[in-house]
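got a structure for you, letters missing:
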């Protein structure tokens, strides 16, 4: 099980033309972290399916990621959350942007 991330300039399209960047290296650790979240915006992420956040949802999730980072002692989970925070920040700064959580 893993969750990969892709930042798109708009709604993702099959030809990949909207892709800005992807994050594929922390999938398993990110899935473990997100699977334990029960409240807030990140609780909406399906670790087994696809979830998309628009720029406003991405911005709303940033404080929750910061709180998770403060309480995180596991190095792989910390790296996954740091990567997620960067992707959420980039999405929030991309007008019309979408962050695609691709569950496994």
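Yep, that arrived. Only a predicted model underlies this, so the values are computations on that prediction, with no experimental measurement involved.

wait, doesn't residue 4 sit right on residue 22?
Yes: Residue 4 lies in contact with residue 22 (Cβ atoms under 8 Å); the separation is 6.8 Å. Any C-beta I mention is one placed from the backbone N, CA and C, and that applies to glycine too.

max-length helix in this structure?
helix 75-92 (DSSP state H).

Follow the chain on from that one and name the next helix or strand.
strand 98-103 (DSSP states H and E).

Which pLDDT value goes with the nearest residue to residue 5 once chain neighbours are set aside?
Once flanking residues are discounted, residue 5 sits nearest to residue 23: 4.2 Å by Cβ to Cβ, 6 or more residues apart in numbering. Residue 23 is assigned 96 on the pLDDT scale.

Next up, phi/psi of the residue of the chain most remote from its centre, please.
Farthest-out residue of the chain from its mean C-alpha position, per Cα atoms, centre = their mean: residue 15, at 21.2 Å. Torsion angles at residue 15 (phi, psi; degrees, to the nearest 10) stand at phi -80, psi 0.
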